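Engineer: Below are the sequence and a predicted model; questions follow.
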Amino acid sequence: MKICILGLDCCAPDVVFRDERLTNIRRLMDAGTWGRLESVIPPITVPAWMCMTTSQDPGSLGVYGFRNRTDHSYSGLGIASSASIKTPAIWDHIAREGKKSIIVGVPPGYPPRRINGISVGCFLTPDTTKDVYTNPPEVGKEINALVGEYPVDVKGFRTDDKEWLKKEIFEMSEKQWKVVKWLLKEKEWDFFHFVDIGQDRVHHGFWDSFDKQHIFYKPGNPYENVIPDYYAWVDKQIGEVLELLDSETVLLIVSDHGAQRLDGGFVVNEWLVKEGLLVLDEYPKEVTPFGKLKVNWAKTKVWSEGGYYARVFFNVQGREPQGVIPQSEYESFQNEMKKKFEALTDDKGKPLNSLVFKPKELYKSVKNVAPDLIVHFGGLYWRSIGGVGYGRVHVQENDTGPDACNHAQYGMFLLAAPNLPLRGEYTGAKLLDVAPTLLDLAGYDIPEVMQGRSLVAGMEKKPPEGFGSGEDAVKNRLEGLGYI
């Protein structure tokens, strides 16, 4: 049985499951099972999509975000690439049985992966006009002939020019979905996985125009409907994809994480300076990124990186070049810092209710150089700001450009298959459950290394009682969905 995944990066369950205009989504909900999907910690595009396809947590992959420490020096972070993922994904497992796959835009997807089939690079691809972004390379030439220059992202999507941004997102999406439908129809595949990054970009650009709880929301603003309109556009594309799938296809619509309003930014290194934990030779006269600060490492105990969440690092003796924290005191210091972060307050003096995690308690294993603590400020309603020079620890502006939302811990899933024994809303699904569930439904063995569980484990793979009996009933339902 074939497997088709339509990934909607950052898709919010409260939006997609409540919009009655999304007729194709509603029809699939009626025919399958759906619900909130708990992401990994941190709920970040990289590594979340690969956590899903490998059924491994970030620690086991050794990838904790887009940027990761490559060693215990102070020289900065390396950018994740497709080569950062060493663990086999779904497409690798089924290739052992001679099955072919097509993966489009699955991050991190640059350089394009060499798989048994076709891979098309993700938004990390520098320039599709200069760099080889597909494997095999000739597929890129076919794509260019089909749509012209192939966009993997909206470059400069953090902008105040909302009209331009809206236009660019929809134009990118139109080309990407055209390529997806062409690949589905014209190329051979047993496993297909596409990730629509447009969903993420439209949230980061327009959530403050859409969410009435957002501090910057203004009723009647001209961009209030951009997000719902994008969902409607994607729903139309899903309907057209359904027409290309045969009756022996497991279909999953899924997001790697959700979206939620952004209330502000916590300037983490500014706070560490005030606490005497990060010592500078010279306090900057203007806002300065952490990498350009003059840090006195011989006196510094803690530093952090900004982003959707905070990666907190300790300066440990015998580990870092100028470590000051004795290894014998590591655990007690870690506990002390955890309490300090948990006790933080917001700009009004109310508890920030930040979530603080120890990687060794969070992950099955911890590979490469993990943060010493992972912090979700305000449960991700606050962003981590890494620069210093603000003169305060609570800000509204973002250090990387305008951003209307943060990631949410729960994304969504919608699963439909001719042999699916589940119907209706499902609670308790986790991102790592996706790969074993898909393999189970499609008739493959589930590798023992996978950390998740099949949602249909031990169930007879057939529609539940009341769904209809006999081949005609199933055929009629599939026809109604556009499968056949």
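Structural biologist: Yes, it's here.

Engineer: can you give me the mean pLDDT across stretch 362-374?
Structural biologist: Mean pLDDT, computed over stretch 362-374, is 98.

Engineer: Over to stretch 181-189?
Structural biologist: So the average pLDDT for stretch 181-189 ends up being 98.

Engineer: and that stretch, which residues are buried?
Structural biologist: 181, 183-184, 189 (16 or more other Cβ atoms under 10 Å). Heads up, the C-betas are built off the backbone N, CA and C, glycines and all.

Engineer: Just put those in a markdown table and tack on secondary structure.
Structural biologist: Formatted as a markdown table, these follow (DSSP: H, G, I helix; E, B strand; the rest coil):
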| residue | secondary structure |
| --- | --- |
| 181 | helix |
| 183 | helix |
| 184 | helix |
| 189 | coil |
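
Engineer: from those, which is closest to residue 110?
Structural biologist: residue 183 (18.0 Å; Cβ to Cβ).

Engineer: pLDDT value on the closest residue to that closest one other than its chain neighbours, please?
Structural biologist: Of all residues not flanking residue 183 in the chain, residue 102 sits nearest, at 5.4 Å (Cβ to Cβ, 6 or more residues apart in numbering). Looking at residue 102, its pLDDT is 98.

Engineer: Tell me how far residue 102 lies from residue 39.
Structural biologist: 24 Å (Cβ to Cβ, to the nearest Å).

Engineer: if we can go back for a sec, SS state for the residue nearest to residue 183?
Structural biologist: Taking three-state DSSP, the label given to residue 102 is strand.

Engineer: Tell me the bridge partners for it.
Structural biologist: residue 118, residue 192 (DSSP bridges).

Engineer: and it, how many neighbours?
Structural biologist: Using other Cβ atoms under 10 Å, residue 102 has 23 other residues around it.

Engineer: Quick one: residues contacting it.
Structural biologist: Residues near residue 102 by Cβ atoms under 8 Å, 6 or more residues apart in numbering: 117-120, 183-184, 187, 189, 191-193.

Engineer: how long is stretch 388-407 end to end?
Structural biologist: 24 Å (Cα to Cα, to the nearest Å).

Engineer: What residues sit buried inside that stretch?
Structural biologist: For stretch 388-407, a neighbour-count test (16+ other Cβ under 10 Å) marks 388-390, 393-395, 398-399, 402-407 as buried.

Engineer: repeat for stretch 188-197
Structural biologist: 189-197.

Engineer: Now the two most distant members of the residues you listed.
Structural biologist: So, the buried residues of stretch 188-197 by Cβ to Cβ: farthest apart are 190 and 197, at 24.3 Å.

Engineer: Strands of the stretch 51-200 of the chain, start to end?
Structural biologist: All strands of the stretch 51-200 of the chain, identified by DSSP state E, counting those that start in this stretch, fall at 67-69, 77-79, 101-104, 117-120, 134-135, 191-196.

Engineer: ok now the second one, how far from the chain's centre?
Structural biologist: So that's strand 77-79. Strand 77-79 sits 18 Å away from the centroid of its parent chain (Cα atoms, centre = their mean, to the nearest Å).

Engineer: Then the shortest one?
Structural biologist: Relative to its chain's centre, strand 134-135 lies at 22 Å (Cα atoms, centre = their mean).

Engineer: Could I get the pLDDT score of the nearest residue in space to residue 16 that is not next to it in sequence?
Structural biologist: Leaving aside its chain neighbours, residue 16 sits nearest to residue 412 (5.8 Å; criterion: Cβ to Cβ, 6+ apart). In this prediction, residue 412 carries a pLDDT score of 98.

Engineer: Residue 412 belongs to a strand, doesn't it?
Structural biologist: Yes - using three-state DSSP, the assignment for residue 412 is a strand.

Engineer: Now do the contacts for it.
Structural biologist: 8, 11-13, 16-17, 34-37, 253-255, 258.

Engineer: for these, which one is nearest residue 431?
Structural biologist: Closest approach to residue 431 among the contacts of residue 412 (Cβ to Cβ): residue 37, at 6.0 Å.

Engineer: what's near enough to touch that closest one?
Structural biologist: Contacts of residue 37 (Cβ under 8 Å, 6+ apart): 13, 254-255, 410-413, 429-431, 434.

Engineer: Highest neighbour count among those?
Structural biologist: Of the contacts of residue 37, with other Cβ under 10 Å as the count, residue 255 tops at 32 neighbours.

Engineer: Check which helix or strand the closest residue to residue 261 other than its chain neighbours maps to.
Structural biologist: Sequence neighbours aside, residue 214 is the residue nearest to residue 261 in space, at 4.4 Å (criterion: Cβ to Cβ, 6+ apart). Under the criterion DSSP states H and E, no helix or strand holds residue 214.

Engineer: Angles on the backbone of residue 214, please.
Structural biologist: For residue 214, the backbone dihedrals are phi -70, psi 140 (criterion: degrees, to the nearest 10).
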